[in-house]
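**Q** Curious how this folds, go ahead:
(4 chains, ligands or ions: 4)
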Amino acid sequence: MPFTNRFDSATLVEIYRRMFLIKHNDDMVHAAAKAGRLNLIYYSPRGQEVIPSALSVHLNDEDYICTIYRGVHDQLAKGLPARLIWAEYAGRATGSCKGKGGPMHITYPEGGVMVTTGVVGSSMPIAVGLGLSSQVNGNQRVTVANFGDGASNIGAFHESMNLAAVWKLPVIFMCQNNRFAEHSRFEKFTGGGSVSKRAEGYGMVGVTVDGNDPEAVWNAARDAVARARAGEGPTLIEANTFRFQGHLLGDPGDYIPADEMAAARANDPVDKVRQKLLDEGHIDEAALQTLEDAVRQEIREAEEFALSSPWPELDELSTDVFDTVSEPLSSIPVSA
Amino acid sequence: MPFTNRFDSATLVEIYRRMFLIKHNDDMVHAAAKAGRLNLIYYSPRGQEVIPSALSVHLNDEDYICTIYRGVHDQLAKGLPARLIWAEYAGRATGSCKGKGGPMHITYPEGGVMVTTGVVGSSMPIAVGLGLSSQVNGNQRVTVANFGDGASNIGAFHESMNLAAVWKLPVIFMCQNNRFAEHSRFEKFTGGGSVSKRAEGYGMVGVTVDGNDPEAVWNAARDAVARARAGEGPTLIEANTFRFQGHLLGDPGDYIPADEMAAARANDPVDKVRQKLLDEGHIDEAALQTLEDAVRQEIREAEEFALSSPWPELDELSTDVFDTVSEPLSSIPVSA
Amino acid sequence: MDRITVGQAINLALHDAMQFDSSVIMLGEDVADPEGGGVMGVTRNLSTTFGDNRVRSTPIAEQAIIGAGVGAALAGLRPVTEIMLMNFTTVAMDMIVNHAAKLRYMSGGQTGVPLTIRTMTGAGAGTAGQHSDYLEAWFAHVAGMKVVTFSTPADAYSLLLGAIFDNDPVLFIENITDYGTSGPAPERGKVARLGEAKVIADGKDVTLISYGAIMKTVLKARQALAKEGIDAQVIDLRTIAPFDAQTLIDNVSKTGRAVIIHEAVTEFGVGAEIAALLSERLHGKLKAPVRRIGSNFSAVPFSKVLEQAYVPSAGSIQEVVKSLMG
Amino acid sequence: MDRITVGQAINLALHDAMQFDSSVIMLGEDVADPEGGGVMGVTRNLSTTFGDNRVRSTPIAEQAIIGAGVGAALAGLRPVTEIMLMNFTTVAMDMIVNHAAKLRYMSGGQTGVPLTIRTMTGAGAGTAGQHSDYLEAWFAHVAGMKVVTFSTPADAYSLLLGAIFDNDPVLFIENITDYGTSGPAPERGKVARLGEAKVIADGKDVTLISYGAIMKTVLKARQALAKEGIDAQVIDLRTIAPFDAQTLIDNVSKTGRAVIIHEAVTEFGVGAEIAALLSERLHGKLKAPVRRIGSNFSAVPFSKVLEQAYVPSAGSIQEVVKSLMG
Ligand SMILES: Cc1ncc(C[n+]2csc(CCOP(=O)(O)OP(=O)(O)O)c2C)c(N)n1
Ligand SMILES: Cc1ncc(C[n+]2csc(CCOP(=O)(O)OP(=O)(O)O)c2C)c(N)n1
Ligand SMILES: [Mg+2]
Ligand SMILES: [Mg+2]
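**A** Numbers count the residues shown, from 1 in each chain, chains lettered A, B, ... in the order given. Ligands and ions are numbered 1, 2, ... in the order given. Next up is the predicted model:
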């Protein structure tokens, strides 16, 4: 964890690298879909790059995340190799889930990406269980539950917050408030108009941050991670941001007021952070381009890998329904 | 609604009458169960008499309530005839639900007792729907959702609060906090340690009252009812009280600390309010006894009615599964 | 308008129901026009026509959506609720099963819940494991619930009216790939009677029993079989629960052979009930065993090659039928 | 100890599992000793023996209980969760069906959910409509779920161990009226293999297939039938899903007659799958139609007279069997 101590140049450059990876990956997915090379349900994370990038620099491989259908930014930031994502998107045998899960169910336990769920709210109860495992096992693992603003109104949110609070579990509830839930505006459907304020009702720490400000997110995440590792319980972070696209690929997003969208895009966090890096002299243009080229190369290879990979065999249809590999126990020792 | 305007003698006497009805009914149910005349799952409301008694004087027959398995106090206070409850407890054809629902599902739409549910939390979403009907129909009906402290941690609570708040529905969420949920202490399982505080998170009014103080409950209920009728939205009331019995008939309640139980019983609200009536001269002893005798007579008759009533016919087993009476529409008029 | 799509038919039924009866209201995520009139556009213009009071977009809160529907129904309204995808009914099962389906019975008939729950599902759109399941067998197993679906736009219209004006809770199932399917327009205002199956193609050799969007595959199989000289009758169940046992028994007793096809997985599916019933009632009278064809016993896989192999195909139906003809 | 009750057997299995494997933990409402060790006392002493860290009472929050179990299982623990009554699984269906059952498949086998969900249910205790349903058919219809139940204390012990040490999610069903039932003690430490049915009484005229607490009624019917000269074989399914089709087919092909009995309502129940399967596989070889006996198609009524008539009786089993013997 070289980046957790100080918010210095190296940290900000690494955050930017992850952001650029997310943005560029998204651009290339769009391009591949438009060209018909990929055929998939896809939920763009554009506009939300800062959140997982500034959070994930505090995490280890052993730390867990749960994310949602709109989760490719979380996955990439957590270190899930792009090639496995692309191959999964392409439905190939080499995908992170052998092509069986698809875009909404990307999993990579090796890097701590434990669940990607398509059911609103469901990342949270499972994250509670992952957090519980840290407490039961007495280890230092932290779990992050990513979810959207719309998910803050479903029952699973409430049950998870309360249980995590009561047991002081090492869980960070990261609400990525992009102001929309499908076609629904946050304000219209959320009593009280704040997600993080609800934390008080559970006796939990809740904070609101500008989700497009790397330092603000980094600070909030640092505190939350420290709290979790110290056994002081969960944190609810509401990171405000904006969705740059319709809900999913193919949705023109007409219901998003044009002026709001224009304003948000004019403040594209990827551009902003890049400019900040240069303005403040954290890195020079040449080094930045080298870094960006490496990302471009990675994604190019990911796409090539995906599209040249084989389809799953038909017998995959019925494997992995149950564990058929392990031999069941026939007896256990007991002491009288 | 003769009792809603002022908290005067008549109001307090009527509140006491309802409280005594609840207490005496409970005593007689216990006696009948002990003697083997009734054989039932029963959740005593003893200790919680004030809450529905002081609330219900603000309600009309047309107002709705939803209550829970521990709901006989709510039902009686709302005007559900004891004889229908007793006959239902006895499983007779003359019961409020023809013996088919039983103690946990007492229903009396005529008096606004719309649902009695055995599933924790479930009174709330349905109450939201009843409140919605008032808004859709533009009428003044108020709906009360009764529930326990334990129910404040389940998802249905959260979804219901938020939806009622967002739509400003005329619903009163009445949390009867009797400090226990089955064998579980409130504090241990409720993050934040307060139900009413959670109202803030929904932008809803939340108040905590001494649930054993008739005037406090009466005041809170008056405000909540007024708010609802004025279209100003829902209220969450947390009325603190104490459960005088185990969770259900047959549970000795060993897990309740003896000193707490003794202290609570020493402050039996029924005795207290009776004494207050006399001390403050709201009514004299003779009149009180007349009132109490009438209640005793009512319950005696209820028991006789129940135990002398016939059992349901076996063909009841398969009636009321679907509506088989109404003739379905075959066409509707349409305008081109 | 002599032809109409499924999406249009559903929209029209909702429109006509709301125009006729002011107690019909609509609740669901994104169903109103400010939210686009439904994620598939199926409920478009209804909130504009009938007002925000009667057509309401909701928060993402399926328990509250169905709970609100149950409560409003108890108070005399006829709510049409939408659960966006069938897999999300899992969130609202308490409200559906323990409440909507049971309140009439548990109240001894004093109350009832005239609630419609529209939901969509189905493989084929690449939505994979958590968005594509057919779970109708669950609801059919619950006394007090009705379950309805359709295979033509005209039936979508009249069965949806039948569901809305039924006095009991009805789960109304739509298929995600099917909204653009077109067919002859319905007779406006015609309300289907629930519980009636329909022989949609006659035949003497075997009875194919099915329901919903997969009927297209069944009809394709029938055509192919015809070329091989096998004359298959096709029955559309239309109401899955309670289903029209008599029509099935009468027809299968004539053909002597039955195959039940649905997109739900075979095991413990609706086909099991029908096969058990037919086998029992027609014991000794069948020329071949009753067969069932459903999807593969797994979650719905994402990869196109697997997703295609997951659902029943016309080819698999043909093969099964041919194996019965010996 | 040569005899043991069902309640003791379950407690013992939990104890032995926790002692053997520190990854076994328990979660549920009131399961720990400060909360009485379970509302029925079944989990008594376990938190005292194994500590608060491993045995935890939870808030009333079934989604969080199962979610916590799923997450902990993904992280390598073997959580035994308790949903107090089967009707409350409705609150947690998303976690069970969309997550626990599917994560192995959707992750391409990278993760798995070795989760046990204990739950109780059953008519007979006067708990009526919302506390008594048998819903096992729902879970059996979900690929990735296993469903287990038992009819003797010894099986309760060894099957619960089988469930806990299975690497996939298992719903383990207990009957509310059955905890005091006693029987021969189990062999300590013996882990049952899931998926194996057992012939618990032999007979040549008819095969009675059942599972769970209602087996007592089935065995009573068998005795009464014996007096009338009818020799009934009884098979205990033990694992409802995936069930032991081969044992059923082999045995019914010998007797030529089968009746399936369960307390769940007949319609769309587990019996439908078994009847459909047997009818298909033994077509032309059965002496009589396969029959199913389940509870009445309604919610569970409260009144004793109705509740008794609701569940299958020994008498009704005898009658059905006799009608097959002609
Ligand atoms: C339980 C459930 N209900 C409905 C849906 C359909 N749905 C998918 S995404 C979505 C919006 C969620 O919005 P939000 O939580 O803000 O996340 P975002 O998409 O903005 O990242 C909805 C309603 C679902 N997936 N799960
Ligand atoms: C969803 C659900 N989970 C569990 C139960 C079992 N149960 C019945 S009552 C109860 C305690 C509820 O406590 P509280 O809400 O405080 O109400 P009280 O009984 O104190 O009035 C529990 C857990 C249930 N009925 N429903
Ligand atoms: Mg959002
Ligand atoms: Mg309580």
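
**Q** Test my guess that A:Cys66 contacts A:Gly131.
**A** No: using C-beta atoms under 8 Å as the test, A:Cys66 is too far from A:Gly131 to be in contact (10.1 Å). To be clear about C-beta, it is placed using only N, CA and C from the backbone, and glycine gets the same treatment.

**Q** which neighbours do the two share?
**A** Counting by C-beta atoms under 8 Å, 6 or more residues apart in numbering or on different chains, the shared contacts of A:Cys66 and A:Gly131 are A:143, D:71.

**Q** give the contact list for the residue of the stretch 51-200 of chain A found nearest chain C.
**A** Taking C-beta to the nearest C-beta, chain C has its nearest neighbour within the stretch 51-200 of chain A at A:Gly102, 2.6 Å off. Contact analysis of A:Gly102 by C-beta under 8 Å, 6+ apart lists A:40-41, A:88-89, A:91, C:126-129, C:301-303, D:106.

**Q** How about C:Glu280?
**A** D:275, D:279, D:289-292.

**Q** same deal with A:Leu40?
**A** Here A:Leu40 is in contact with A:33, A:89, A:102-103, A:249, C:126 (C-beta under 8 Å, 6+ apart).

**Q** Reformat these as JSON lines; add distance to ligand 2, secondary structure and pLDDT.
**A** What follows is the contacts of A:Leu40, written out as JSON lines (distance: C-beta to the nearest ligand atom, whole Å; DSSP: H, G, I helix; E, B strand; the rest coil; pLDDT from 0 to 100):
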{"residue": "A:Ala33", "distance to ligand 2": "43", "secondary structure": "helix", "pLDDT": "97"}
{"residue": "A:Tyr89", "distance to ligand 2": "39", "secondary structure": "helix", "pLDDT": "98"}
{"residue": "A:Gly102", "distance to ligand 2": "33", "secondary structure": "coil", "pLDDT": "98"}
{"residue": "A:Pro103", "distance to ligand 2": "34", "secondary structure": "helix", "pLDDT": "98"}
{"residue": "A:Leu249", "distance to ligand 2": "38", "secondary structure": "coil", "pLDDT": "95"}
{"residue": "C:Gly126", "distance to ligand 2": "35", "secondary structure": "coil", "pLDDT": "94"}
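
**Q** buried subset of these?
**A** A:33, A:89, A:102-103, A:249, C:126 (16 or more other C-beta atoms under 10 Å in any protein chain shown).

**Q** Can you tell me which of those is closest to C:Gly189?
**A** Nearest to C:Gly189 among the buried ones among the contacts of A:Leu40, counting by C-beta to C-beta, is C:Gly126 at 37.7 Å.

**Q** Please verify my assumption that the closest one contacts C:Pro301.
**A** No: with contact defined as C-beta under 8 Å, C:Gly126 does not reach C:Pro301; the gap is 10.0 Å.

**Q** Next, show the common contact partners of those two.
**A** In contact with both C:Gly126 and C:Pro301: A:102, C:307, using C-beta under 8 Å, 6+ apart.

**Q** Where does A:Ala302 fall, secondary structure wise?
**A** helix A:285-307 (DSSP states H and E).

**Q** contacting residues around that helix?
**A** Contacts for helix A:285-307 (C-beta under 8 Å, 6+ apart): A:13, A:16-17, A:20-21, A:24-25, A:28, A:32, A:37, A:81-83, A:85-87, A:89-90, A:92, A:94-95, A:274, A:277-278, A:283.
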